[in-house]
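> dropping a prediction and its sequence here:
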Amino acid sequence: MIKKCLFPAAGYGTRFLPATKAMPKEMLPIVNKPLIQYGVEEAMAAGMNTIGIVTGRGKRALEDHFDISYELEQQITGTPKEVFLADIRNIIDYCTFSYTRQTEMKGLGHAILTGETLIGREPFGVILADDLCVGEDDGVLTQMARIYAKYRCSIVAIEEVPQDEVHKYGVIAGSELEDGVYVVSDMVEKPDPADAPSNLAIIGRYILTPDIFDVIRSTPPGRNGEMQITDALQTQAIRNMVLAYRFKGKRFDCGSVEGFVSATNFFYERWKNAG
Ligand code: G1P
């Protein structure tokens with residue numbers, strides 16, 4: 001039912017310098033696959049095969065990754081190495097990719113608003129590729145799309161985090177509607193632990209209804225002077241309804257070195273076992 005998925009990918013990746021000096025952080029590999037490809041595979045599994053990517057300067061490798069490389073194809077077609085390109089070929093066959101550039105870094109809300117031109121007036125998924133998710137059964141976006149089909153409103157994915165980490169996230173308060181699904185009553189971007197409404201942190205998966213674009217446009221700058229998607233969602237929660245969904249699965253914060261290494265270890269075990 002939801003066909004489009006937006007990937008904000010204009011950020012600098014300063015925590016991984018110097019690796020990200022000339023290479024987009026979304027291209028950092030976990031074992032043999034770049035972070036963004038895991039995200040696109042998750043979107044594709046949820047039936048979202050119209051992919052919009054919000055890029056910026058120095059991000060051209062993203063576009064090349066989701067395109068045919070004729071020289072490479074020529075070199076390896078008919079050799080045992082051909083199998084290594086099977087997944088990415090499948091993605092290129094099954095998905096379409098569109099790109100737009102965010103020319104100024106003014107926050108996640110601004111990045112999503114920049115993507116409006118790729119999305120139009122329909123509900124859409126959002127994946128922050130830094131948050132690498134492994135669903136317990138289905139992928140996280142597939143789980144969320146199922147909830148969307150039932151309630152037809154914006155949804156954020158959440159996870160419980162230790163109290164001393166709430167300042168890194170958007171944090172929600174809400175009442176449980178059904179197992180793991182909360183009606184959001186409050187949302188705060190990166191609160192001080194003392195002011196946090198709970199320890200339920202938003203992670204980088206969203207389903208948004210298209211009225212979010214007008215709401216972002218009329219939302220004043222928030223935390224760090226940036227346009228915050230959390231603030232826009234808080235407005236949607238008051239006007240209408242926003243749900244928070246405690247997803248089933250694991251998340252690796254690949255925006256941090258520790259999370260990146262944990263993800264690498266996890267996927268290395270999978271890769272080894274797959275033979
Ligand atoms: C963004 C959002 C935040 C959310 C986080 C998830 O923050 O603003 O609400 O909890 O992503 O990864 P960022 O990590 O971009 O600072």
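Right, received. Where do you want to start?
> C-alpha from now on. contacts and neighbour counts both.
Noted.
> what ranges do the helices span in the stretch 151-275 of the chain?
Along the stretch 151-275 of the chain, the stretches classed as helices by DSSP state H, counting those that start in this stretch are 212-217, 229-239, 257-273.
> which of the residues in the longest one are buried?
I take that to be helix 257-273. Across helix 257-273, burial judged by 16 or more other C-alpha atoms under 10 Å covers Gly259, Phe260, Ala263, Thr264, Phe267.
> likewise for the first one?
When neighbours are counted by 16+ other C-alpha under 10 Å, the buried residues of helix 212-217 are found to be Ile212, Phe213, Val215, Ile216.
> one more: stretch 145-165?
With burial defined by 16+ other C-alpha under 10 Å, the residues of stretch 145-165 counted as buried are Ala145, Ile147, Tyr148, Arg152, Cys153, Ser154, Ile155, Val156, Ala157, Ile158, Glu159, Val161.
> in strands, which of those residues appear?
Among the buried residues of stretch 145-165, DSSP state E puts Ser154, Ile155, Val156, Ala157, Ile158, Glu159 in strands.
> can you pull the contacts of the fifth one?
Okay, so that is Ile158. By C-alpha atoms under 8 Å, 6 or more residues apart in numbering, the contact set of Ile158 is Leu200, Ala201, Ile202, Ile203, Ala244, Tyr245, Arg246, Phe247.
> now, which of these lie close to the ligand?
Filtering those for neighbours of the ligand using C-alpha under 6 Å from any ligand atom leaves Ala201, Ile202, Ile203.
> what pLDDT does the nearest residue to the second one once chain neighbours are set aside get?
I take that to be Ile202. If you skip the residues right next to it in sequence, Ile202 has Ile158 as its closest partner in space, 4.4 Å away by C-alpha to C-alpha, 6 or more residues apart in numbering. Predicted confidence (pLDDT) for Ile158: 98.
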